[in-house]
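Colleague: I would like to see how this sequence folds:
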Amino acid sequence: MNGTPAKRKADSSNKENEPKRKRYERDGHRSVKAVWFKEFEWLGHDNAEQLLFCKLCRETRKKNVFAKGKDASKPKKDDLVKHGKSEDHRNSVEEKALQKNLTTAATNAYVGCKGAVTAQMATLLVQAKEGIPTRKNAPLLELQMFNVSIF
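Modeller: Have a look, this model is predicted:
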């Protein structure tokens with residue numbers, strides 16, 4: 001039976017007899033894990049400088065340890081988890097999402113108005129070729145904008 005006092009005493013005495021590993025011995029076995037790059041998509045590695053860094057924090061020019069680069073010789077997953085929860089990192093994630101949304105909105109706005117601008121330029125070209133007075137430009141362009149908006 002494992003729970004007997006004699007057995008527990010024997011188990012604990014075996015542990016006491018084992019040499020305790022010193023902190024530097026544990027740290028010496030740490031290395032960067034490939035799965036971390038899948039788990040933390042923002043994680044980057046600089047082989048030349050032996051640094052781990054946050055791509056998002058670098059892009060958004062934050063001033064934290066992972067934006068500058070953290071020593072990769074003795075990495076800890078806990079450091080990555082803490083960084084992912086940090087306010088700087090969360091702000092970087094939000095900033096990148098807003099940049100993407102702004103780019104999408106600008107592209108959609110351009111595509112949406114491209115046809116109207118082309119139509120207005122074509123109207124001005126016809127006016128110039130036909131000698132139609134420029135005082136008529138504004139009403140014709142307003143009419144085109146109205147026509148575009150109802151379709």
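Colleague: so where's the protein uncertain?
Modeller: 1-28, 148, 150-151 (pLDDT under 70).
Colleague: All the helices of it, residue numbers only.
Modeller: 5-17, 23-27, 34-39, 55-59, 65-68, 77-85, 87-130, 137-150 (DSSP state H).
Colleague: same for the shortest one, what does it pack against?
Modeller: Helix 65-68 makes packing contacts with strand 51-54, helix 55-59 when contacts are defined by 3 or more Cβ pairs under 8 Å, 6 or more residues apart in numbering; DSSP states H and E. Where C-beta positions appear, they are placed from N, C-alpha and C, glycine not excepted.
Colleague: Swap in 6 Å and give it another go.
Modeller: On a contact count with 3 or more Cβ pairs under 6 Å, 6 or more residues apart in numbering; DSSP states H and E, helix 65-68 meets helix 55-59.
Colleague: what's the helix it packs on packed up against?
Modeller: By 3+ Cβ pairs under 6 Å, 6+ apart, helix 55-59 packs against helix 65-68, helix 87-130.
Colleague: ok, and for that helix, which residues are buried?
Modeller: By 16 or more other Cβ atoms under 10 Å, the buried positions in helix 55-59 come out as K55, L56, C57, R58.
Colleague: what's the burial count for the closest residue to the third one other than its chain neighbours?
Modeller: Just to be clear, that refers to C57. The shortest distance from C57 to any non-neighbouring residue, by Cβ to Cβ, 6 or more residues apart in numbering, is to A67 (3.9 Å). A67 has 21 neighbouring residues, counting by other Cβ atoms under 10 Å.
Colleague: A67 reaches E59, doesn't it?
Modeller: No. Look at A67 against E59 with Cβ atoms under 6 Å: they stay out of range, at 9.1 Å.
Colleague: Next up, the contacts around T123.
Modeller: L140 (Cβ atoms under 6 Å, 6 or more residues apart in numbering).
Colleague: I'd like the distance from it to Q50, if you could.
Modeller: Separation of T123 from Q50 (Cβ to Cβ, to the nearest Å): 63 Å.
Colleague: And for K74?
Modeller: Distance from K74 to Q50, by Cβ to Cβ: 10 Å.
Colleague: Please name the spatially closest residue to E95 (chain neighbours excluded).
Modeller: T60 (4.9 Å).
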